[in-house]
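sequence? don't have it. structure:
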């Protein structure tokens, strides 16, 4: 299996594309060529000829072909994408945790660009951008109808150059410009601290090349500070995913050796794989097992994993593995539901496509595509509740999303009703002073969900959600 992983290259299970993207590179092209449908190819050629001769003004040949490729790939699902030279370079940079930009994770919503979260310490973070902010304009360019990849290009640039983003903040019902100076973003994907004697909190914001090494260092620091840790909170809230091998490694840190972490299944032979909690499934270099420095007690320390609607893909792999093996209590709200694997295949030295190549399954065989991980204990974001959960974007809300492949599909009318009710509540919430609406920072004493996680570890009463219920898979209608 280890050799197979090296041959196949790296695969990505990240959810968002944007100013920060976690994606990996597939270095081997498929050997056999699929027979071409001649009639359809002739139609494509005829359209190309008509555009060249009849369109109102000349069109560049290369642009026509690349746009055709881009449209073909984008029509498949929300996560498949064509990369031109610049975007291919940027995606490669994203896996290393270094790039030049403003420092936000983004997705699309209603034709606009939605901020999933600003990267802590980035120019966007310092400028005050918040999750769920909508970007309506980048410099002088309107975002409506702009492809996500094009939006990324416009926000990327050279260090010390400026970009002006026009922001619509729903909960304040206002639009305002923010001018941000681009800089090299060095994302820190791991944070952690000893909350109180005996209890530690470690947060993963992404799964990157450096995440496993940073995770090991942080755990070493916390165990040095308090060798008698008796409860650990693994915080995966708003973690959009990243590299598959990093997710396998983090799962393996807490699980018995050689148990199944995740399985994948697709058309290609290398897409039908089982990843286990063993070094050959996640180590990349010849330096040996990156987890070998962890204290032995990490395998048995009582654990809570915090998740929410922003926990996606690689985060869901970890949460699903720890849940299925009964290694941790999963708390929070139902996760995003991205149960698909993307592979990046080069088309040449500097272009490529990111293609959905497999679904992934938890150790018990469940596909969580378009559904997500259901927590063992549902916890609201605050003591007052979590009434806006229905408004949050998830995999099932994305156009052309992939189905789970398990069972018939139909539309969930109840969710649409819940969304409408939540919109009305949001209008009322917007009338409150801004200070009353600000969500507390993760990891502080005002972090309601973290407090509940600590109560769980201590055997104290937990304030279970009064509003959250299990979200069934939104089914497609044919």
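That came in fine, so what should we check first? Note that this is a predicted model, so its numbers are computed, not measured.

three-state assignment of the residue lying closest to residue 295 once chain neighbours are set aside?
Spatial nearest neighbour of residue 295, excluding adjacent residues (CB to CB, 6 or more residues apart in numbering): residue 223 at 5.2 Å. C-beta coordinates here come from the backbone N, C-alpha and C atoms, glycine included. With DSSP: H, G, I helix; E, B strand; the rest coil as the basis, residue 223 sits in helix.

what about residue 223, how many neighbours?
Neighbour count for residue 223, taken as other CB atoms under 10 Å: 18.

so the residue positioned nearest the centre of the chain versus residue 315, what's the distance?
Central residue of the chain (CA atoms, centre = their mean): residue 240, 2.1 Å from the mean position. In this view, residue 240 and residue 315 are 7 Å apart by CB to CB, to the nearest Å.

one more: residue 119?
Counting by CB to CB - residue 119 and residue 315 are separated by 16 Å.

quick one, domains of this protein?
The record's domain parsing of the chain by automatic domain parsing lists 100-186, 190-342+358-403+415-458.

highest mean neighbour count out of those domains?
Most buried of these, by mean neighbour count (mean count of other CB atoms under 10 Å): domain 190-342+358-403+415-458, with a mean of 20.

part of a strand, is the residue nearest to the centre of the chain?
No. Judged by three-state DSSP, residue 240 forms no part of a strand; its state is coil.

quick one: it from residue 299, how far?
For residue 240, the distance to residue 299 - CB to CB - is 27 Å.

I figured the residue nearest to residue 295 hits residue 301, correct?
No. Judged on CB atoms under 8 Å, residue 223 makes no contact with residue 301 at a distance of 9.8 Å.

so where's the longest strand in the chain?
strand 352-361 (DSSP state E).

what about that one, average pLDDT?
Strand 352-361 shows a mean pLDDT of 92 in the predicted model.

what's the closest of the domains of the chain to residue 351?
Smallest distance to residue 351 across the domains of the chain (CB to CB): 12.4 Å, for domain 100-186.

quick check: end-to-end length of the closest one?
For domain 100-186, the first and last residues are 9 Å from each other (CA to CA, to the nearest Å).

now swap in stretch 137-147 and tell me
13 Å.

other residues contacting it?
70, 74, 111-113, 135-136, 151, 154-155, 163-166 (CB atoms under 8 Å, 6 or more residues apart in numbering).

how about a cut-off of 6 Å?
Residues outside stretch 137-147 that contact it (CB atoms under 6 Å, 6 or more residues apart in numbering) are 111, 112, 113, 135, 136, 154, 164, 166.

return the item of these having minimum pLDDT.
For these, the pLDDT minimum is residue 111, 78.

which residues does it contact?
144, 145.

residue 148 versus that one, what's the distance?
For residue 111 relative to residue 148 (CB to CB), the value is 11 Å.

what of residue 332?
Residue 332 is 27 Å from residue 148, by CB to CB.

again with residue 130
Distance, residue 130 to residue 148, by CB to CB: 19 Å.

coming back round to it: let's have the contacts of stretch 137-147 in JSON lines, adding distance to residue 206 and secondary structure.
Output for these, formatted as JSON lines (distance: CB to CB, whole Å; DSSP: H, G, I helix; E, B strand; the rest coil):
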{"residue": "111", "distance to residue 206": "26", "secondary structure": "coil"}
{"residue": "112", "distance to residue 206": "23", "secondary structure": "strand"}
{"residue": "113", "distance to residue 206": "19", "secondary structure": "strand"}
{"residue": "135", "distance to residue 206": "20", "secondary structure": "strand"}
{"residue": "136", "distance to residue 206": "26", "secondary structure": "strand"}
{"residue": "154", "distance to residue 206": "22", "secondary structure": "helix"}
{"residue": "164", "distance to residue 206": "26", "secondary structure": "strand"}
{"residue": "166", "distance to residue 206": "27", "secondary structure": "strand"}
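
which among the residues you listed gets closest to residue 99?
Comparing the contacts of stretch 137-147 against residue 99 with CB to CB picks out residue 154 as the nearest, at 14.2 Å.

from residue 265, how far out is the closest residue to the closest one other than its chain neighbours?
Leaving aside its sequence neighbours, residue 154 sits nearest to residue 138 (CB to CB, 6+ apart; 4.4 Å). According to CB to CB, residue 138 and residue 265 sit 39 Å apart.

with residue 83 instead?
When residue 83 is compared with residue 265 (using CB to CB), they lie 25 Å apart.

quick one: the helices in the protein?
Assigned by DSSP state H, the helices in the chain fall at 2-8, 38-54, 61-74, 85-96, 123-126, 148-155, 211-225, 244-254, 314-324, 413-429, 434-437, 448-458.

tilt between the second one and helix 61-74?
An angle of 140 degrees separates the directions of helix 38-54 and helix 61-74 when computed by axes from the mean of the first three to the mean of the last three CA atoms, to 10 degrees.

which outside residues touch helix 38-54?
So helix 38-54 is contacted by residue 59 (CB under 6 Å, 6+ apart).

check the offset of it from the chain's centre.
Taking CA atoms, centre = their mean, to the nearest Å, one finds helix 38-54 lying 38 Å from the centre of the chain it belongs to.

what about that helix, average pLDDT?
94.

before we move on, the earlier item: surely the residue nearest to residue 295 meets residue 294?
No. At 8.4 Å, residue 223 does not count as touching residue 294 under the criterion of CB atoms under 6 Å.

any weak-confidence spans in the stretch 301-450 of the chain?
385-401, 403-440 (pLDDT under 70).

switch to 90 and redo it
For the stretch 301-450 of the chain, applying pLDDT under 90 flags the ranges 309-310, 336, 341-344, 348-349, 360, 368, 370-371, 380-442, 444-446.

show me the contacts for residue 378.
So residue 378 contacts 465, 468 (CB under 6 Å, 6+ apart).

out of the contacts of stretch 137-147, the closest to residue 361 would be?
residue 113 (31.5 Å).

what sits against the closest one?
Residue 113 neighbours (CB under 6 Å, 6+ apart): 106, 135, 143, 151.

let me know the closest of these to residue 447.
residue 106 (24.3 Å).

tell me what that closest one is bridged to.
Residue 106 has these beta-bridge partners by DSSP bridges: residue 115.

how many neighbouring residues does the residue lying closest to residue 85 once chain neighbours are set aside have?
With CB to CB, 6+ apart as the criterion, residue 85 has its nearest non-adjacent residue at 4.4 Å, and that residue is residue 350. Close neighbours of residue 350, defined as other CB under 10 Å, add up to 13.

doesn't residue 86 make contact with residue 350?
No. Look at residue 350 against residue 86 with CB under 6 Å: they stay out of range, at 8.9 Å.

tell me how far the closest residue in space to residue 70 that isn't next to it in sequence lies from residue 201.
The shortest distance from residue 70 to any residue other than its chain neighbours is 4.1 Å, reached at residue 82 (CB to CB, 6+ apart). As judged by CB to CB, residue 82 and residue 201 stand 40 Å apart.

where does pLDDT dip in the stretch 151-300 of the chain?
Judged by pLDDT under 90, the stretch 151-300 of the chain has its weakly predicted residues at 152-153, 156-157, 170-173, 184-189, 205-206, 208-210, 238, 240-243, 268-270, 283-288.
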